[in-house]
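**Student:** No letters, just coordinates:
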């Protein structure tokens, strides 16, 4: 009889309270996970409507979900009687240590977020960043990938990109080509200018507005220099520049206009 009483007392004192606490902890964890999932879906929907980049949406939603789940776990452990104060302090110390150890990575992450939010460039743009030029392939949280003209893949940390000068050659629909052509002092300036003007106007890729500029820019040591500045669509920039440079040389040779080059006279005294 006494043994039965002891068992009943043990059940009432320990088993039932612990069973209730475990059940409550499980309920908090299960319901908490459901609430976290719902809130995460709502956050994704809201961020999606703001037209934020999908990479950033996934990352923000992941961080949001992890933090909320951490609170759910702490609440569940607290219901079981675990000293969560010490656990929170431990997590805080661990977070600080990880943050100090990953300063460079955190800088790249912050820069990646800024690049995705403010979009100084996008995939497909031809840019000059961190001393490298190329076409943007991908923009991720920690780094960006560029493809160079000779088909090399360059991976650059986002911190190096956002902390320096960003030149986006594809940001505008049109670009101006700046070219300089020199002729000899004995050549006909008016004839050369007229030929340059005819060649510019004959190229259908050159835009009429803004109007191309052709002018004498400098009386140099051995040449009279013309600046030729036509406007073209951004996609035609290099093709027009290379084609026009070649055409000028061929045309000047055809009509007898010289293109001076540096020369050096060496005098030898016996």
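**Tutor:** Here it is on my side, so go on. None of the values given here were measured: they were computed from a predicted structure.
**Student:** Give me the buried stretch members for stretch 143-150, please.
**Tutor:** By 16 or more other Cβ atoms under 10 Å, the buried positions in stretch 143-150 come out as 143-146. For the C-beta atoms, the positions are set from N, CA and C on the backbone; glycine is no exception.
**Student:** Which residue ranges of the stretch 151-270 of the chain form helices?
**Tutor:** Applying DSSP state H, counting those that start in this stretch to the stretch 151-270 of the chain gives helices spanning 158-162, 189-202, 237-255.
**Student:** So which of those is the most surrounded?
**Tutor:** Compared across the helices of the stretch 151-270 of the chain, helix 158-162 shows the largest average neighbour count, a mean of 22 (mean count of other Cβ atoms under 10 Å).
**Student:** quick one on the thing from earlier: quickly, which of the helices of the stretch 151-270 of the chain bottoms out on average pLDDT?
**Tutor:** Among the helices of the stretch 151-270 of the chain, helix 158-162 carries the lowest mean pLDDT, at a mean of 92.
**Student:** And the helix or strand where residue 114 lies, what's buried?
**Tutor:** For residue 114, the host element (DSSP states H and E) is helix 103-118. Using 16+ other Cβ under 10 Å as the test for burial, helix 103-118 gives 107-109, 111-113, 115-116.
**Student:** Residue 210: which of the residues you listed is nearest?
**Tutor:** Taking Cβ to Cβ as the measure, residue 210 lies nearest residue 115 of the buried residues of helix 103-118, at 31.2 Å.
**Student:** nearest to residue 77, of the helices of the stretch 151-270 of the chain?
**Tutor:** Of all the helices of the stretch 151-270 of the chain, helix 158-162 comes closest under Cβ to Cβ, at 36.8 Å.
**Student:** for that closest one, the distance to its chain's centre please.
**Tutor:** A distance of 8 Å separates the centroid of the chain from that of helix 158-162, by Cα atoms, centre = their mean, to the nearest Å.
**Student:** what's the answer for stretch 75-84, then?
**Tutor:** Centroid separation for stretch 75-84 versus its chain: 44 Å, with Cα atoms, centre = their mean.
**Student:** Between the buried residues of stretch 143-150, which sits nearest residue 198?
**Tutor:** Distance to residue 198 across the buried residues of stretch 143-150 (Cβ to Cβ) is lowest for residue 146, with 39.3 Å.
**Student:** which ones are touching the residue nearest to the closest one when sequence neighbours are not counted?
**Tutor:** Distances taken as Cβ to Cβ, 6 or more residues apart in numbering place residue 134 nearest to residue 146, at 3.5 Å, with adjacent residues excluded. Listed by Cβ atoms under 8 Å, 6 or more residues apart in numbering, the contact partners of residue 134 are 126-127, 146-149, 152, 154.
**Student:** 10 Å - rerun?
**Tutor:** Residue 134 makes contacts with 125-128, 145-154, 156, as judged by Cβ atoms under 10 Å, 6 or more residues apart in numbering.
**Student:** Show me where the chain dips below the pLDDT cut-off.
**Tutor:** 1-18, 52-56, 82-104, 262-270 (pLDDT under 70).
**Student:** so where do the strands sit in it?
**Tutor:** Using DSSP state E, the strands of the chain run over 126-129, 132-139, 143-147, 153-157, 167-168, 174-176, 179-183, 213-219, 224-229, 231-233.
**Student:** To residue 194, which of these lies closest?
**Tutor:** Between residue 194 and the strands of the chain, the tightest spacing by Cβ to Cβ is seen for strand 213-219, at 9.3 Å.
**Student:** Excluding its own residues, what touches the closest one? List them.
**Tutor:** 176, 178-183, 185, 189, 192-197, 199-200, 224-231.
**Student:** can I see the domain layout of the protein?
**Tutor:** The record assigns the chain these domain ranges, following automatic domain parsing: 2-101, 120-168, 174-255.
**Student:** got TSV for those domains, with distance to residue 261 too?
**Tutor:** Output for these, formatted as TSV (distance: least, Cβ to Cβ, whole Å):
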stretch	distance to residue 261
domain 2-101	51
domain 120-168	27
domain 174-255	8
